[in-house]
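Undergrad: output the structure for:
(chains A and B)
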Amino acid sequence: MSAPLLSVRDLVIEFTTEQGVVRAVDGISFDVFPNETVGLVGESGCGKTVTGLSILGLVPRPPGRIAGGRIEFEGRDLVGLDESELRAIRGRDIAMIFQEPMTALNPVFTVGSQMTDVLRRYKGLSRRQARAAAIELLARVGIPAPDRRVDEYPHQLSGGMRQRVVIAMALSCDPKLIVADEPTTALDVTTQAQVLEQLVRLQEEFRMAMILVTHDLGVIAEACDRAMVMYCGRIVEQAPIEELFARPRHPYSAGLLASIPARVDDERRELPVIPGMVPDLLHLPPGCRFADRCGRRLARCDVEQPGLAPAGESRVACFNPVETPR
Amino acid sequence: MNAPAASAVDANGAPAASRRETLWHKALWKLRRDRAGMAGLAVVMLYFLAAIGVWLGWWATGWAEVAGGKWEAPSAAHWFGTNLIGQDIFARSVYSISTAFEVGLVVAVLATLLGGVLGALAGFFAGRFTDELVVWLMGVLDSIPFYLLVAAIAFAMAGNPYAMHVAMISTFWITTARLVRGEVIKLRQLEFVEAAHAIGVPEYTIVFRHILPNTLHILLVQSTITFVAAIKSEVILSFLGLGVKDGMSWGLMIAESTIEVLAGFFGNFLAASLLMFGLVMAFNFLSDALQDALDPRQVS
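TA: Residues are numbered from 1 along each chain as shown, chains lettered A, B, ... in the order given. All right, here's what the predicted structure looks like:
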């Protein structure tokens, strides 16, 4: 395999709160290779969004700070770069797509003027060239009548269209990596599928890597090559997508997959839930963070934190992983 | 022709309908339907024309000349009569319109600019040093009684005719800055700001290029309010002898009238009061209408 485009090592992100310092992300490591889509899945508050933001140096500071680790993009460590160096990378090398399409566009400017702004700034296009490029981008993200839409204001577009505009803006400088933070969550279900499909197609067309941050396992299944499951600031399982869905190793991943509603036979069954609550990040157990909710807990789980270890094609942080027969 | 195509392009082949839906178009449409507001606008324009005529030397050129006898009654030659030394009151009151507009325009434009810029910076950097500094400055300036400040500035500037402008600008920007600061604190959390960050836009560009235009409706309404406040203050300051020195102002006319009213002559007093009343009322109607038209809660 080629060299990774992005390589995160032992990343620790802390937030200072009134009650004390919270580790939102606690020593995670992963690689993203060129042209692949990696999913980052987990429930609210597990640190997935903060991980995404940290790659662009956008962790709000204060209260947040990167307390340790490295984020290497094409071999260059992004942690500790100053604001102007980060600005040079943002947009051009790494772009971000945000969750809320309603507020991600400036309400007082037309779609076109926002897009041409970026194109003129980074690509040095003339006004006319930038406009043509903007129209072409809008067409590529699947906006009908782009030559008309380009002169419209954000509030005249539907949620799905706005998200497409946001995607078009993210693509406008041919980034090598896109961090998509819940790109389809705010859209209604039918639009979700369309936008997601478009995103996957564009990722291939533009030959870029993508980190897809989501809580939706369906999105992961549809769009990703690989996925990482996060729980309480740590990666608990890292696996190729087929492997994760066919043979989840970590009890948490297995629990998540089991709690997707499925109609196996005609009988209505109660949906399995994972018992218990996510522990408070201020009062974490000394051992495995999932131990309290885990059905496969060993004595060791309460005292020692499991690290990511290879298990078949996956890597899993568990002393007693689930074994699913092939 | 089917419906979508019809709505997409109008008869001239230009993009239609959709372009008219911006906040500004809606506001304009709403303003046009506001009778009091439009009447106010018409009156303000009339005053403005009068002021332009004075600046260009078309009329009221003889405001300082002695044109008749003492305290003449209104006549065809002197519409509002003459004053104690026989100057034409009509010419003097019309000339005062230009004074009022000059002060109003200069103060409204500069105070709004200053308030917008400082307010936006304070709001964007809320909680940081820039904000602390601006908020401190607002508190300090607010705590000084206005007329004391004017007197102090006039004294410090050794009778410079722009002392009152400086005094007004240095206090009137505060309200605008407070409003803009609040709005910017609200706006800066929106994702388009984060998106601008994420695409590598420098912070100052974000403030002035992306956030400040979103507060234009506040700036517009505030500038009309500041305009009225400046006109009123100019009259009061001139009356007190802190304002206009070598020109004419309604305030000076009212000051003159203090002796005349006792003698039963009301020319100066009525001319100045009525003209000022008309302008201030018209401006108030206009700014009310603007406020209604631009209130985002009612527009969008």
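Undergrad: can you show me the strands along the stretch 201-326 of chain A?
TA: A:209-214, A:226-231, A:234-240, A:309-311, A:314-316 (DSSP state E, counting those that start in this stretch).
Undergrad: could you say what helices and strands the third one packs with?
TA: Counting contacts by 3 or more CB pairs under 8 Å, 6 or more residues apart in numbering or on different chains; DSSP states H and E, strand A:234-240 is packed against strand A:20-32, strand A:226-231, helix A:251-258, strand A:314-316. C-beta: built from backbone N, CA, C; applies to glycine.
Undergrad: redo that, cut-off 6 Å
TA: Contact here means 3 or more CB pairs under 6 Å, 6 or more residues apart in numbering or on different chains; DSSP states H and E; on that basis strand A:234-240 packs against strand A:226-231, strand A:314-316.
Undergrad: lowest-confidence stretch among these?
TA: Confidence, taken as mean pLDDT, is least for strand A:314-316 of these (a mean of 86).
Undergrad: list the contacts of that one.
TA: A:237-239, A:243, A:249-250, A:308 (CB atoms under 6 Å, 6 or more residues apart in numbering or on different chains).
Undergrad: contact partners for the nearest residue to residue B:212 once chain neighbours are set aside?
TA: Once flanking residues are discounted, residue B:212 sits nearest to residue B:120: 4.9 Å by CB to CB, 6 or more residues apart in numbering or on different chains. By CB under 6 Å, 6+ apart, the residues touching residue B:120 are B:180, B:184, B:207, B:212.
Undergrad: which of the residues you listed fall within helices?
TA: When DSSP state H is applied, these are split such that B:180, B:184 fall in helices.
Undergrad: may I ask which of the contacts of residue B:120 has the most neighbours?
TA: Within those, most neighbours by other CB atoms under 10 Å in any protein chain shown means residue B:180, with 28 neighbours.
Undergrad: which residue would you name as the spatial centre of chain B?
TA: residue B:227 (1.8 Å; CA atoms, centre = their mean).
Undergrad: hmm, back to that, most packed of the strands of the stretch 201-326 of chain A?
TA: Mean neighbours per residue, mean count of other CB atoms under 10 Å in any protein chain shown, is largest over these for strand A:209-214, with a mean of 26.
Undergrad: now do that strand, average pLDDT.
TA: The model assigns strand A:209-214 a mean pLDDT of 91.
Undergrad: still on that earlier bit, identify the farthest-apart pair in the contacts of strand A:314-316.
TA: Greatest spacing in the contacts of strand A:314-316, by CB to CB: A:243 and A:308 (14.6 Å).
Undergrad: give the contact list for residue A:48.
TA: A:40, A:42, A:213, A:230.
Undergrad: switch the cut-off to 8 Å
TA: A:40-42, A:213-215, A:230 (CB atoms under 8 Å, 6 or more residues apart in numbering or on different chains).
Undergrad: hmm, back to that, as TSV, the helices and strands packed on strand A:234-240 with distance to residue B:30 would be great.
TA: Shown next, in TSV, are these (distance: least, CB to CB, whole Å):
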stretch	distance to residue B:30
strand A:226-231	50
strand A:314-316	61
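Undergrad: ok, which of the ones you listed comes nearest residue A:108?
TA: For residue A:108, the closest of the helices and strands packed on strand A:234-240 is strand A:226-231, at 37.0 Å, according to CB to CB.
Undergrad: elements contacting the closest one?
TA: By 3+ CB pairs under 8 Å, 6+ apart, strand A:226-231 packs against strand A:37-41, strand A:234-240, helix A:241-246, helix A:251-258.
Undergrad: could you list the low-pLDDT ranges of the stretch 201-326 of chain A?
TA: A:263-268, A:325-326 (pLDDT under 70).
Undergrad: next, residue B:158: secondary structure please.
TA: coil (DSSP: H, G, I helix; E, B strand; the rest coil).
Undergrad: distance of it from residue B:245?
TA: 12 Å (CB to CB, to the nearest Å).
Undergrad: please enumerate the shared neighbours of these two.
TA: Residues touching both residue B:158 and residue B:245 (CB under 8 Å, 6+ apart): none.
Undergrad: so residue A:303 touches residue A:286, yeah?
TA: Yes: applying CB atoms under 8 Å, one finds residue A:303 in contact with residue A:286, separated by 6.2 Å.
Undergrad: list just the nearest of the contacts of residue A:48 to residue B:116.
TA: residue A:213 (36.7 Å).
Undergrad: is it true that that closest one touches residue A:49?
TA: Yes: with contact defined as CB under 8 Å, residue A:213 reaches residue A:49; the gap is 6.0 Å.
Undergrad: quick check: neighbours shared by those two?
TA: Common neighbours of residue A:213 and residue A:49 (CB under 8 Å, 6+ apart) are A:181-182.
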